[in-house]
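Enquirer: Need the 3D shape of this:
(chains A and B)
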Amino acid sequence: MGIDLSNFAESIGGVDHGPLWIAGQQTRTPAPSQLRLVAAPAGIVDLQPDEMTVVCGAGTPINELRTELAKVGQYVNLPDGLTGPGTVGGALAEGHSDIYRLGRGPVRDTLLQVRYVNHDGQVVTAGGPTVKNVSGFDLCRLLIGSHGQLGYFGETILRTRPLPQSSRWFVMSEASRTVVEKILRVIYRPASVLWDGHKVWFCIEGNPKDCAAIIQRISVELPVITEISEPPDLSLYPHRQSVPPRLLGDVVQESARSDSHKIIVEAGVGIVHHQVPPESTPIEKGITILHRQILEQFNPTGRLNPGIEILASAPSL
Amino acid sequence: MRDKPQVQSLNTQLISRLRAALNVHRVHTASADIDLYKRDASNIEGRAGVVCFPLTTAEVQSVVSICAEFQQPFVARGSGTGLSGGATPLDGAVVISTAKMNRLISVDPVHRHAWIEPGMLNLDLTREVTHLGLHFAPDPSSQQSCTIGGNVANNSGGPHCLADGVTSSHILACEVVLSDGSVVMLGGEDPEPDGLDLRGAFIGSEGMFGITTKICVRLMQNYQAVSTMLMDFTSVQAGAETVSAIIAAGMVPAALEMMDQLCLEAVEAYIHAGLPTDAAVALLVEVSGLPHAVTDDTERISEIGRAHGARTIRIAQDEAERALLWKGRKTAFGAIARIKPNYYLHDTVVPRRKLNEVLQEVYRIAQRHDLLVLNVFHAGDGNLHPLLIFDKRDPGIMERVHAAGEEIVRVSVEAGGVLSGEHGIGLEKRDFMPLMFGPHDLHAQASMRVAFDPLGIANPFKVLPSPSQCGDAHDMGEDMWV
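Expert: Sure thing, here's the model as predicted:
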C-alpha cells in the first residue's frame, strides 16, 4: 500500500530540467515567485498503532496527522513552522526540533523511510518501513534538514509514539544557573526546560501520579513553582542558534546584560531562541568540502530549491 | 570517474612507511599475528596484509594518509565482534585496529554526555558512569567485548533499545579521519550544527565513510524503578499477539524479548532458572522509569498477557531474580553449544503483526533443510534472530545452512521487513540488498559513499552490491579471494 508518485515525479523530471521549488504550506520558508513550484502528495494512507508507524504523503498537513494519531492515543514528533503547523515534508526538510526535544528526542529520529524524487525525476527509496533497520547507509538522516536540496520527499513512513498520559508546565521566577542545573539533575527525564535568565519554565510528562510526586518533591528543594497552562510564547523569538548546552549559562548571562537582545534557551539541549538573527559561527573547511561533494552527487545542476545555501550563514575556517 | 584503487600485495615501501609513522611494534606483518584479523565474528574469511595499532587521531591520520598515497584499501576494526563480515579485510587490506584507543576522555554529568575513544568497550562506558546515575543505552548482546566505535559503524542496537533507540540516537558527534587523511568533526555537543546531518549519515556506514577517532555519546539517567516479568504461552501466535497488544495499548517497555521452546530448553539446562520449558514461547518484558508508571504498566501488561492466554506470569521479586531472568536471555547463545557445536545467527526485522506468520515460515524452512532452529529475539521491534544450529562436520551442512538463511531473509523482506536490524550488511547480506532496494536506491547510497570517500579505499566491497559500487574496485582480480 503506497502512494502513486508517478505524477509527482513527472512534475519534477518530465516537464523541463529548469530550477524548481517544492512548496507546502509555506509556514517555514516562502517560495520564490520566479520559480516553478511543485507540491508533494498529501494524505494518510496507512496508520498502524501496533507498529507505531504511519504512512503519509509528504504534503500532509501536520495538523491532520496529529488529529488522526490522537484518535489512537499517539503523536508524531514533528514541530510547527513559524506561521503555522505546516506539512510533514516541510518539517522534515527543515529538520529543526521543537521545545520538547529534551524529552521526546530530535525530529531526525522520526523518519523511518522516505520515497523521494531526485533531481532527475527518479523515485528513490531511503530507509526501511520497520522501527529498526540498518540495511544500507542512513540516507534518511542525510535528507532530514537538507531543505529540499537533495531530493523532494513524496511518501514518508514515520515513527509514532504514545501520547503522554500527563503533560504539565511549570514556571519558577528564580532562575539562577544553579537552579537550572538542579532541575536537569533532579527531575527524571524532563520533557522541556526553558530559561531566559529571569524565569525557568519546565515540562514534565508521564504517569500523572509520578508527575504529582515529582512536583511535591522538588517543591521542597526549589523556589516557588507555579503551574501554567502552556509554555512561553516563542513567536517573538523566530531566530535560532545551536550551542553546546554547557555554554548556555554564559549565553544567558551575556543576554541578561543587554536590554535589547532577549533570548530563551532550551536548557539541556542547546538551542537559543533569539529575537534578532544571531551571529554566525565559522564552519570547518572539511565540513564545507563534504557538503559540496554531497550536493555534487545529489543535486549536480543545483535545480532543486536553488538559492538556499545550507552553510551560507557561516564562513569557512 | 576516478581511477580504481589498486588491489595488490602490500609492498615493502608501504610497510616501512607505516612502521615509521607508528612504531615497529604496532605494525604487525607476521602471518601468525595478522591471521587473527582475517575475519570478524562472522564466518566470512578474508586476508589482512598488515595490522596497525594507532594510539591517537594523528596516528590514524598518518596511516590513512599513507594508504591514500598508495591507493591501498584499509579496514577499521574494533573488537571484531561484528557478525556480517563488515570488518573482514579483503585481499590483504590494511587493518587499522582502534582497540588501543580506549580512553574515557571526559564526562559532563549535568548535560549527560561523554567524550570517548572508539576502542572503549560498550559495557566499560556504562561502568565508568554508573556512579553518576547514568548509562549508555545501546546494549548489544556482545556489550562486554564490543567497542563503541564498532557500535557507531554498525548503528548497533540491543534489548534495551526498544524505548530509547539504537546507537544513532545516542551519538552527538564523531571525529572522523576521511580516506584522504583529513580530519573532520561530524555533529557536535550542540544539537543542530549548521548544514546536513553528516553525523547521522556516518553512523551505520560500516567503515566505508572513514574511521572515527573520538566520539561524543549521550548518556541517559538511570531509571528509578524497574519491573521484569516472564510470561509464557502455549502458542507462538498468542505470544506474538501479546507483543502487538502491549504496543497498541500505548506502552513502550524498556525491553520486550521472545524466546521459543527450543531456546527455553537449552537455556534452562544451562542456568537452571526455572524457565517454562514446555511453553511454545516466553516473553521477557521489562518496564523501567518512575515508580508509579512502572507499577501501573506492570499491571496493564500482565492483564494483556492474561487476556492473550499467558499460562504463568512471573514477576522478578528482587534484583537477583531479575538478573537470573536476564542471564537466561543473554546466555542463550552459549547455551546452544549443548545442542550442537556450531550456529549461524540471522538478523532481520519484520512488522510486529507479522511475527507469528514469519516465525512459522522460519520453522518450515528449517524443517525443509533438516536443520534445528531456535529463536531468541527483540520481539518489541520485530527484530528476529533465527539461530540455525548444526555440526559443521556433517557433510553438505553448510550448503543447507546458507540456503535456509537466504530463504529466511527473503521471507522477512517479503513480509514487509528489512534485511538487518542491528548486525549490518557487510559482506554477508551485500548481495541481498536488491531485495530491498532498486537500482536508483542503491545508486543514491553509492553516491553517499562517493561523497565521503571519493578514493574508494575505506573498507571497499562491503554493503553495496557490485553494480552500484561505481567507486569501489568491484571487479575482483584473479589474485583476490573472499
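Enquirer: what are the ranges of the helices in the stretch 351-482 of chain B?
Expert: Along the stretch 351-482 of chain B, the segments classed as helices by DSSP state H, counting those that start in this stretch run B:355-368, B:397-414, B:433-436, B:439-452.
Enquirer: The first one packs against which elements?
Expert: The reference is to helix B:355-368. When contacts are defined as 3 or more C-beta pairs under 8 Å, 6 or more residues apart in numbering or on different chains; DSSP states H and E, helix B:355-368 packs onto helix B:236-248, strand B:372-377, strand B:383-384, strand B:386-390, helix B:397-414. From N, CA and C alone the C-beta is placed, and that goes for glycine too.
Enquirer: The last one now?
Expert: In terms of contacts (3+ C-beta pairs under 8 Å, 6+ apart), helix B:439-452 is packed against strand A:123-127, helix A:139-143, helix A:285-298, helix B:198-202.
Enquirer: Could you list the residues in contact with that helix?
Expert: A:118, A:122-126, A:136-137, A:139, A:142, A:290, A:293-294, A:296-298, B:178-179, B:201-202, B:205, B:208-210, B:433-434, B:437, B:456, B:458, B:463-465, B:467-472 (C-beta atoms under 8 Å, 6 or more residues apart in numbering or on different chains).
Enquirer: returning to what we had before: nearest to B:Thr57, of the helices and strands packed on helix B:355-368?
Expert: In terms of C-beta to C-beta, the element of these nearest to B:Thr57 is strand B:383-384, at 33.9 Å.
Enquirer: Quick check: mean pLDDT of the closest one?
Expert: Across strand B:383-384, the average pLDDT comes to 96.
Enquirer: swap in stretch A:303-311?
Expert: The predicted model gives stretch A:303-311 an average pLDDT of 90.
Enquirer: That one: how far from the chain's middle?
Expert: Once both centres are worked out by C-alpha atoms, centre = their mean, to the nearest Å, stretch A:303-311 turns out to sit 19 Å from its chain's centre.
Enquirer: For whatever residue of the stretch 51-200 of chain A ends up closest to chain B, which non-adjacent residue is closest in space?
Expert: Taking C-beta to the nearest C-beta as the measure, the stretch 51-200 of chain A has A:Arg141 as its residue closest to chain B, at 2.8 Å. Closest residue to A:Arg141 apart from its sequence neighbours, by C-beta to C-beta, 6 or more residues apart in numbering or on different chains: B:Gly200 at 2.8 Å.
Enquirer: and A:Glu309, what element?
Expert: Assessed by DSSP states H and E, A:Glu309 sits outside every helix and strand.
Enquirer: how far away is it from A:Arg292?
Expert: Separation of A:Glu309 from A:Arg292 (C-beta to C-beta, to the nearest Å) stands at 11 Å.
Enquirer: Over to A:Ala267?
Expert: Distance, A:Ala267 to A:Arg292, by C-beta to C-beta: 35 Å.
Enquirer: next one: B:Ser412
Expert: Separation of B:Ser412 from A:Arg292 (C-beta to C-beta): 38 Å.
Enquirer: neighbour count winner among A:Ala267 and A:Arg292?
Expert: For A:Ala267 versus A:Arg292, the count of surrounding residues by other C-beta atoms under 10 Å in any protein chain shown is larger for A:Ala267: 28 against 12.
Enquirer: Where do the helices of the stretch 151-300 of chain B begin and end?
Expert: With helices called from DSSP H, counting those that start in this stretch, the stretch 151-300 of chain B shows them at B:161-164, B:198-202, B:236-248, B:261-271, B:291-307.
Enquirer: tell me the most buried of the ones you listed?
Expert: For those, the largest average neighbour count (mean count of other C-beta atoms under 10 Å in any protein chain shown) is found in helix B:198-202, namely a mean of 25.
Enquirer: Grab the CA positions of it and hand them over as PDB.
Expert: This file holds the C-alpha atoms of helix B:198-202, laid out as PDB (Å, rounded to 0.1, in the frame of the first residue of the first chain):
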ATOM      1  CA  LEU B 198      26.700  14.300   8.500                       C
ATOM      2  CA  ARG B 199      26.900  12.600  11.900                       C
ATOM      3  CA  GLY B 200      23.700  10.800  11.200                       C
ATOM      4  CA  ALA B 201      24.900   9.800   7.700                       C
ATOM      5  CA  PHE B 202      28.200   8.500   9.100                       C
END
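Enquirer: Give me the contact list for it.
Expert: A:108, A:137-139, A:141-142, A:144, A:287, A:290, B:152, B:168, B:171-174, B:176, B:184, B:186-187, B:193, B:209-210, B:212, B:448, B:452.
Enquirer: Dump the helices of the stretch 351-482 of chain B to TSV, plus mean pLDDT.
Expert: Compiled in TSV, those are given as follows (pLDDT from 0 to 100):
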stretch	mean pLDDT
helix B:355-368	97
helix B:397-414	97
helix B:433-436	98
helix B:439-452	98
